[in-house]
Structure formats: C-alpha cells, structure tokens
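Chemist: After the sequence you'll find the predicted model.
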Amino acid sequence: MKLIETVTVALVLATGITRAQQIPAHTLLPYQDPHLPTQQRITDLLQRMTIEEKLAMLGTDPTVPRLGIVGTNHVEGLHGLALGGPGGWGGRGLVTPTTQFPQSRGLGQTWDPDLLRQAAAEEAYETRWAFNKYHKGGLVVRAPNADLSRDPRWGRSEESYGEDAYLVGTPAAAFSEGLQGNNPKTWMTASLLKHFLANSNEDGRDGSSSDFDDRLFHEYYAVPFRMAIEDGHADAMMTSYNAWNHVPMGANPVLRDVVMKDWGFDGIICTDAGALGNMVRAHHTYATMPEAAAAAIHAGINQFLENATKPVQDALMQGLFKESDIDENLRGVFRVMIRLGMLDSRADEPYAHIGFDAPGGIAGVDDPWLWDKNKELARKVTDESIVLLKNEGSLLPLKATALNVILLFLSGRSWQDGS
C-alpha cells in the first residue's frame with residue numbers, strides 16, 4: 001500500500017493531475033459560504049485542492065488562484081506596522097511612516113495592558129488600511145514577542161517586554177487582543193507570537209540547545225506564550241531557531257502535546273527563516289532535508305519561512321508522511337484565513353471599508369498615521385513608558401557602612417536583633 005501511495009503521489013506531481021476543475025465565478029461553493037461551520041468550509045476546500053496547491057500553501061502566502069482564494073502574508077509589527085525600507089517589510093520601496101510606539105521594552109515599562117491594547121488596535125487599523133488601499137503588507141502581524149529577555153547579551157533584548165514571566169505574558173496577551181480586535185467573528189489582523197521557546201541566546205543560536213526541565217518550561221519560559229494564547233486568543237506563532245533539550249523547536253513534539261492539546265491552539269505555526277535547513281546543518285538532528293521537513297510536518301508546522309517545497313515534496317514521495325498529514329496541518333492556516341475574512345466576499349467582510357472611508361464617513365482624508373489622534377496616542381504611550389527613579393533618602397551612592405544593613409534586609413533578618 002505504501003508503494004502504491006508513493007507511485008500515485010509521483011504521478012500527480014509529475015503530470016499535474018487535478019481533482020477539481022476551474023470553479024465558475026457565479027457559483028457559491030461550501031468553502032465560500034460564511035454561514036457554514038469553519039471545519040465544514042475547510043474540509044470542502046481541501047477536497048478541491050491539488051497536491052501542488054497544498055505544497056505551495058506551506059509558504060507564507062496561502063493563495064489558491066484556481067479556486068479564487070486570495071491569502072495574506074506576514075508583516076512585522078512589534079511596536080507599530082513596518083512597511084518598506086531596506087528589510088523589505090511588507091514590500092520594497094520607501095518607508096511608509098506608520099505610527100510607531102516605543103520599543104517593546106518601553107511598552108512593558110508602561111505597566112498598562114489597556115494602553116498597549118489601544119496601541120495594538122491602532123497598529124491593526126493601519127495594517128488593514130495599507131492592505132486594503134495600497135495592497136501592501138499583510139494581515140498576519142509578527143507580534144508580540146513573548147520571549148523572556150533574561151540575558152542582556154542577547155542581541156534582541158529590545159524586542160522583549162522584560163524578564164519576568166507574568167510581566168511579559170500580561171502585555172503579550174493585551175497586544176494580541178488589540179491586534180485582533182473585538183469583532184466576535186472576524187479579526188482585524190492576526191497576532192503571530194514569536195519566538196517559541198527559550199530564544200534569548202545569541203551565540204550559536206542556529207544550532208544551540210536551551211536545556212531545562214518541565215517545571216521551568218511550565219512556570220517560566222512558556223508562561224507568556226500560554227497567556228497570549230489562552231487570554232489574548234492569539235492563534236499564530238513562530239518557532240525559534242534553538243532546540244529545547246536537544247530537539248529543535250521546529251520539530252519539537254511540545255507543539256502538539258502542549259501548545260495544541262493543552263492550550264487549545266489551532267492556527268498557524270511557522271518556522272523562523274532558514275530554521276528547516278538549520279535542523280540539518282547546525283543542529284545535525286536530521287541527516288537530510290526531507291527527513292527534517294517530515295519531522296516539522298509531524299510536529300505541526302504549517303508554514304515555512306523559506307522555500308521548503310522540494311524537501312517537503314521529496315519527503316512525501318519517500319513516504320515519510322502522507323498527504324492527509326499536510327491536510328491536517330493546513331487546517332490551521334485556513335482557520336486563521338477564515339478568521340481574517342479572507343474567504344468571504346467583500347459584502348461579508350466587516351473591515352473592507354478601511355482605507356476607503358474615514359471616521360465619520362468622510363472620504364479622501366489623509367492616511368491614519370498622519371491623524372492627530374494617532375500622534376497623541378503615540379506620545380501618551382511614550383510618556384507612560386518612562387520610568388523615573390527617585391533617589392529617596394539619598395540611598396545612592398551606596399556607602400560601605402550601610403552595606404551590612406542592606407544585606408540583613410535582603411536576608412529577611414532585622415539589624416536590630418544584633419545578629
């Protein structure tokens with residue numbers, strides 16, 4: 001049976017045999033019907049897709065032209081929508097001066113989840129505006145960063161809210177909520193958390209392993225991600241380059257065993273850029289790219305931030321996984337696309353007007369990043385991010401004669417007991 005399945009897959013890939021014909025534009029099919037249950041829509045869609053289309057879906061642009069499906073890509077947005085510039089975020093060209101808030105470290109120092117929720121909501125609105133009006137960017141926003149910044153030598157410490165698990169988890173949940181909005185059916189944008197898990201290392205991170213027990217996982221490193229998923233309802237996530245206990249995160253069983261099973265996550269799980277190759281070249285966990293691709297698919301990965309079509313195709317032809325495994329993983333991608341309204345008609349999409357009419361119904365106004373109210377919000381967040389340290393009682397600089405008092409205080413003992 002395995003041989004028959006492998007030969008069948010090879011024939012499909014070689015000849016382009018399809019299981020569905022071009023769909024007439026006027027026909028409303030089950031996957032296009034916003035009134036049907038999400039699972040029913042996805043099942044119908046997967047049955048109509050060819051194996052080539054499914055393999056193509058494993059990138060970050062889940063578009064299926066033959067079936068009239070226009071997907072949406074990722075954008076960067078840790079503290080405001082990033083569009084243009086040398087990094088090519090959301091499209092090459094000049095930088096679009098969207099509303100920018102303080103770096104994540106500053107956002108964490110506001111100690112104000114409601115304010116962060118407002119900032120994220122404004123970013124989401126501008127992301128929809130750019131996507132609708134200028135066809136730039138995407139609606140899957142790579143934010144927030146739920147990593148814990150526990151080593152100051154880490155080169156991306158500014159992306160983290162801090163080092164305390166609860167401190168990081170609280171704004172991460174709030175930011176996710178703000179990005180996705182409060183519409184019960186459709187999200188403004190999708191919040192993609194990064195980088196799962198224990199990513200705060202810099203030296204050799206492409207092939208390093210962060211080693212710790214289950215207690216540290218549940219009580220420290222995983223807390224912000226769990227809070228953002230359970231409380232903030234984030235349903236997209238990026239895995240980190242490193243391994244946990246010598247198992248690369250892009251193929252780690254914890255994705256299914258905990259993130260999906262225990263936390264209820266059922267959306268996009270993507271690798272970081274180049275992470276698939278790292279599992280072979282840096283971690284040396286797998287001997288070949290097809291083996292690494294199969295391990296990632298089995299772990300639940302449904303988007304790769306690199307061209308993984310050939311290794312995934314080779315793994316499929318070698319019988320390392322089945323087409324049904326791809327189907328199961330792609331359900332997560334389509335759940336997010338449906339939550340974003342990408343499979344619905346314009347008439348059924350509540351955010352289709354953004355970019356074409358202004359608050360109050362006045363058309364032809366400036367882009368939102370030029371609005372005074374958004375500049376005022378950015379200033380307020382910036383003001384709230386400032387932490388003023390007061391040298392009350394002239395405690396600083398420390399005096400040698402006072403050190404014994406401080407040490408006794410830290411130990412929980414009173415200097416008055418004479419000990």
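Modeler: Happy to help now that I have it. Numbering: from 1, shown residues only.

Chemist: quick check: longest helix of this protein.
Modeler: helix 113-133 (DSSP state H).

Chemist: now that helix: mean pLDDT?
Modeler: Average pLDDT, helix 113-133: 97.

Chemist: Point out where the stretch 1-150 of the chain drops to low pLDDT.
Modeler: Scanning the stretch 1-150 of the chain for pLDDT under 70 picks out 1-26, 86-87, 90-93.

Chemist: Quick one: the helices in it, in order.
Modeler: In the stretch 1-150 of the chain, the segments counted as helices under DSSP state H, counting those that start in this stretch are 2-15, 38-48, 51-56, 104-108, 113-133.

Chemist: The longest one: which residues count as buried?
Modeler: This means helix 113-133. 113, 115-132 (16 or more other C-beta atoms under 10 Å). Yep, even glycine has a C-beta here, placed from its N, CA and C like the rest.

Chemist: which other helices and strands contact that helix?
Modeler: strand 140-145, helix 165-180, helix 372-385 (3 or more C-beta pairs under 8 Å, 6 or more residues apart in numbering; DSSP states H and E).

Chemist: would JSON lines of these with mean neighbour count be doable?
Modeler: Listed next are the helices and strands packed on helix 113-133 as JSON lines, based on neighbours: other C-beta atoms under 10 Å:
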{"stretch": "strand 140-145", "mean neighbour count": "28"}
{"stretch": "helix 165-180", "mean neighbour count": "25"}
{"stretch": "helix 372-385", "mean neighbour count": "15"}
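
Chemist: Which one of the ones you listed lies nearest to Thr98?
Modeler: Smallest distance to Thr98 across those (C-beta to C-beta): 9.2 Å, for helix 372-385.

Chemist: Output the helix or strand containing Ile297 as CSV, nothing but the C-alphas.
Modeler: Assigned by DSSP states H and E, Ile297 falls within helix 289-299. Below are the C-alpha coordinates for helix 289-299, written out as CSV (Å, rounded to 0.1, in the frame of the first residue of the first chain):
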residue,chain,number,x,y,z
MET,A,289,16.3,17.9,4.3
PRO,A,290,13.4,15.6,3.5
GLU,A,291,13.8,14.0,7.0
ALA,A,292,13.8,17.4,8.6
ALA,A,293,10.7,18.5,6.6
ALA,A,294,8.9,15.4,7.6
ALA,A,295,9.7,15.9,11.3
ALA,A,296,8.4,19.5,11.0
ILE,A,297,5.2,18.4,9.4
HIS,A,298,4.7,15.7,12.1
ALA,A,299,5.3,18.3,14.8
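
Chemist: On the C-terminal side of that helix, identify the next helix or strand.
Modeler: helix 309-317.

Chemist: which residues are in contact with that following helix?
Modeler: Residues from elsewhere that reach helix 309-317 (C-beta atoms under 8 Å, 6 or more residues apart in numbering): 6, 9-10, 13, 51, 55-56, 58-59, 276, 289-294, 297, 304, 321-323, 326.

Chemist: Please check those residues and keep the buried ones.
Modeler: Buried, going by 16+ other C-beta under 10 Å: 9, 13, 51, 55-56, 58-59, 276, 289-294, 297, 304, 321, 323, 326, out of the contacts of helix 309-317.

Chemist: For the closest residue to Gly108 other than its chain neighbours, give me its contacts.
Modeler: Nearest non-adjacent residue to Gly108, counting by C-beta to C-beta, 6 or more residues apart in numbering: Tyr161, 3.1 Å away. Contact analysis of Tyr161 by C-beta under 8 Å, 6+ apart lists Ser104, Arg105, Leu107, Gly108, Pro144, Asn145, Ser149, Leu167, Val168, Pro171, Ala172, Pro224.

Chemist: quick one: the fourth one and Gly84, what's the gap?
Modeler: Right, the one you point to is Gly108. For Gly108, the distance to Gly84 equals 27 Å [C-beta to C-beta, to the nearest Å].

Chemist: more neighbours, these two?
Modeler: Ranked by neighbour count (other C-beta atoms under 10 Å), Gly108 and Gly84 place Gly108 first, with 24 against 18.

Chemist: Any figure for the gap between that one and Ala172?
Modeler: Using C-beta to C-beta, which is the criterion applied here, Gly108 is 9 Å from Ala172.

Chemist: could I have stretch 113-132 exported to CSV, CA atoms only?
Modeler: Output in CSV follows, covering the C-alpha atoms of stretch 113-132 (Å, rounded to 0.1, in the frame of the first residue of the first chain):
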residue,chain,number,x,y,z
PRO,A,113,-2.3,46.5,29.4
ASP,A,114,-5.2,48.7,28.4
LEU,A,115,-2.9,51.3,26.8
LEU,A,116,-1.0,48.5,25.0
ARG,A,117,-4.3,47.2,23.7
GLN,A,118,-5.1,50.6,22.3
ALA,A,119,-1.7,50.9,20.6
ALA,A,120,-2.0,47.4,19.1
ALA,A,121,-5.6,48.3,17.9
GLU,A,122,-4.2,51.3,16.1
GLU,A,123,-1.5,49.3,14.5
ALA,A,124,-4.1,46.8,13.3
TYR,A,125,-6.2,49.5,11.8
GLU,A,126,-3.2,50.9,9.9
THR,A,127,-2.3,47.4,8.8
ARG,A,128,-5.8,46.9,7.3
TRP,A,129,-5.6,50.4,5.8
ALA,A,130,-2.3,49.6,4.0
PHE,A,131,-3.5,46.2,2.9
ASN,A,132,-6.8,47.4,1.5
